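Undergrad: Starting from these lines, generate the structure:
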Amino acid sequence: MATPSPGPTRRGVLGFSAAAALGIVPDTARAAPDGQITIASHVSLAPTWFDPAETAGIITPFMMLYALHDAMMKAMPGKPMAPCLAEAWTVASDGLSYAFTLRKGVLFHNGEPVTADDVKFSLERYRGASAKTLKERVACVDVHDAERLTIRLNVPWPDFLTFYASATGAGWIVPRKHVQQVREDGHKKAPVGAGPYKFVSFNPGVELVCEAFEGYWRKPPAIKRLVFKVVPDEATRLAALQRGEIDIAYSIRGELADELTRTPGLSVKAAVGSATFWLYFADQWDALSPWHDQRVRLATGLAIDHKTINQALTLGHSHLTNSVFPENFDFYWQPPAPVHDPARARKLLAEAGHPRGFEAGDYYCDASYANIGEVVINNLREVGIRMKLRPLERAAFFKAYAEKKLKNVVQGASGAFGNAATRAEAFVVKGGTYVHGSYPDIDAAFVQQAAETDRAKREAILHRLQQLVHDKAIFAPIWQQAFISGVGPRVGESGFGLIEGFPYTAPYEDLTLKGKA
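TA: This next block holds a predicted model:
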């Protein structure tokens, strides 16, 4: 353990420990957890999502992390960055260090205390999205004692907390001794965290079972057992909800969403989170590819009938922002509204040398959103862009996307927390996890904003960056999605909408069954 060193100069305490604000329940008011809630997941659960070190720049892993693990700070009801394992933190006046004080008495599921050593280990172990950026900018972590540590930076970085505690899993803490004892594979097979639910069992392709951790510092969960059932087919999810076999069904779209709204006893939750969807022209930097021509990329965007797709699949609840950057993010720039103009699209294709359209190859997508791809491909066919749908299971899709194995056109998406800079870092600028190529002027703007401490100047740079992304037609945006889910009659508090920008149900410790709250 490092020798204690003086804390940084205080510019102001950024954290606080007001129990009421966090919903902390005193021991005398706690009832023993009881009952079970079963959630039907729209995607096959991947063990990589059980480990904070491997978060991939998308929101899906946080569906698991909010149950099994806890973070230094995280988005909570009413607060985009609430103090959790870190009770308080301060930032030095020179912006080069952040001092954290941990909450006392917090335990991992195996009974070990959460310490500053675990915080250091978790940051140094992190290897998910933006890991390279974090490792380049973090100089060292000084552990002063079990409850105090300081993270020191190489240069001032206004976005450090956003990357550390919001956009990535670097600030979600795992027990060092346990991970080193069971090794990486053992930890992934049976993860130990500090969250409101303990891991019980995982049957790949079938279900994940979790049990309430009554020692959770905020409050013990009201629900004894939480079961995530893998049900990839939407119709099967809805039928199971109607029969009472499950309590919550994630992601119901199209005609099935209409049926959900008409089913007595079921309620509809339409959460517009931070999940933007887009078409990514992965080969636009290849001079031999038709996607290299900006006119072809613009024609693709004009061919998409955003309003009709929105009404057909999400009952009109999605937001047509025409951007890959979420409208609820800091530093967001609003581009012009999307335009559906097939005639203009055909004209641009003809100017680009495709008067009769062209065979455009493969269209890759996450299989759970293949129905979006089907409608978009029909739109593209109407202007002469003929494509073949290639759906992949989610974990495999994002792995291939990150490894740059997907070519031609990729239907990408991300609902990860963060701001405009974190979204650009992962999906737009050179070196990003999902970036196949980049443009020098955009890369330069990103570097410039990262070092700018004046908020107004930084906002202007990030607005210019987003405008360049729009003008170059790097993407053809689809929407900022409304995630429609169904809730059964037994559920009291479903958790939907409690955390701004989060599409799933959370915090899990707040879920209740009717009559058992």
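
Undergrad: Helix or strand: which one has L389?
TA: Assigned by DSSP states H and E, L389 belongs to strand 385-392.

Undergrad: Show me what counts as buried in that strand.
TA: I385, M387, R390, P391, L392 (16 or more other Cβ atoms under 10 Å). For glycine as for every other residue, the C-beta is placed from the backbone atoms N, C-alpha and C.

Undergrad: ok, for the first one, nearest residue in space, not its chain neighbours?
TA: So the one you mean is I385. A360 (4.9 Å; Cβ to Cβ, 6 or more residues apart in numbering).

Undergrad: my read is that neighbour is in a helix, agree?
TA: No - per DSSP: H, G, I helix; E, B strand; the rest coil, A360 lies outside any helix segment and is strand.

Undergrad: So what touches stretch 295-305?
TA: With Cβ atoms under 8 Å, 6 or more residues apart in numbering as the contact definition, stretch 295-305 has outside contacts at 279, 281, 284, 290-291, 338-342, 344-346, 348-349, 351-352, 354, 376, 379-380, 382-383, 385, 409, 473-474, 476-478.

Undergrad: Tell me the confidence at A420?
TA: As predicted, A420 sits at a pLDDT of 98.

Undergrad: Just to check, it is in contact with N328?
TA: No - if you go by Cβ atoms under 8 Å, A420 and N328 don't touch, sitting 10.7 Å apart.

Undergrad: could you pull out the helices for the stretch 301-450 of the chain?
TA: Taking DSSP state H, counting those that start in this stretch, the helices of the stretch 301-450 of the chain run over residues 306-314, 342-351, 370-382, 394-402, 420-427, 440-451.

Undergrad: A370: neighbour count?
TA: 17 (other Cβ atoms under 10 Å).

Undergrad: hang on, the earlier thing: among the helices of the stretch 301-450 of the chain, which comes closest to V487?
TA: helix 306-314 (16.8 Å; Cβ to Cβ).

Undergrad: Please tell me how far that closest one is from the chain's geometric centre.
TA: Averaging C-alpha positions (Cα atoms, centre = their mean, to the nearest Å) puts helix 306-314 23 Å from its chain's average.

Undergrad: Which neighbouring elements make contact with it?
TA: When contacts are defined as 3 or more Cβ pairs under 8 Å, 6 or more residues apart in numbering; DSSP states H and E, helix 306-314 sits against helix 254-262, helix 370-382, strand 475-487.

Undergrad: Quick one: mean pLDDT over that helix.
TA: On average, helix 306-314 scores 97.

Undergrad: Also stretch 341-349?
TA: Mean predicted lDDT for stretch 341-349 stands at 98.

Undergrad: And stretch 188-199, by the same measure?
TA: pLDDT averaged over stretch 188-199 gives 96.

Undergrad: buried set for it?
TA: K188, P191, V192, G193, A194, G195, P196, Y197, K198, F199.

Undergrad: Alpha carbons only: can I get it in PDB?
TA: Taking Å, rounded to 0.1, in the frame of the first residue of the first chain, the C-alpha atoms of stretch 188-199 are listed here in PDB:
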ATOM      1  CA  LYS A 188     -16.200 -14.400 -15.500                       C
ATOM      2  CA  LYS A 189     -17.900 -17.800 -14.900                       C
ATOM      3  CA  ALA A 190     -19.000 -16.800 -11.300                       C
ATOM      4  CA  PRO A 191     -18.500 -13.000 -10.900                       C
ATOM      5  CA  VAL A 192     -18.300 -11.500  -7.400                       C
ATOM      6  CA  GLY A 193     -19.200  -7.800  -7.200                       C
ATOM      7  CA  ALA A 194     -20.600  -5.300  -4.700                       C
ATOM      8  CA  GLY A 195     -24.000  -4.700  -6.400                       C
ATOM      9  CA  PRO A 196     -27.500  -5.300  -5.000                       C
ATOM     10  CA  TYR A 197     -27.700  -8.900  -6.400                       C
ATOM     11  CA  LYS A 198     -25.300 -11.900  -6.100                       C
ATOM     12  CA  PHE A 199     -24.600 -14.200  -9.000                       C
END
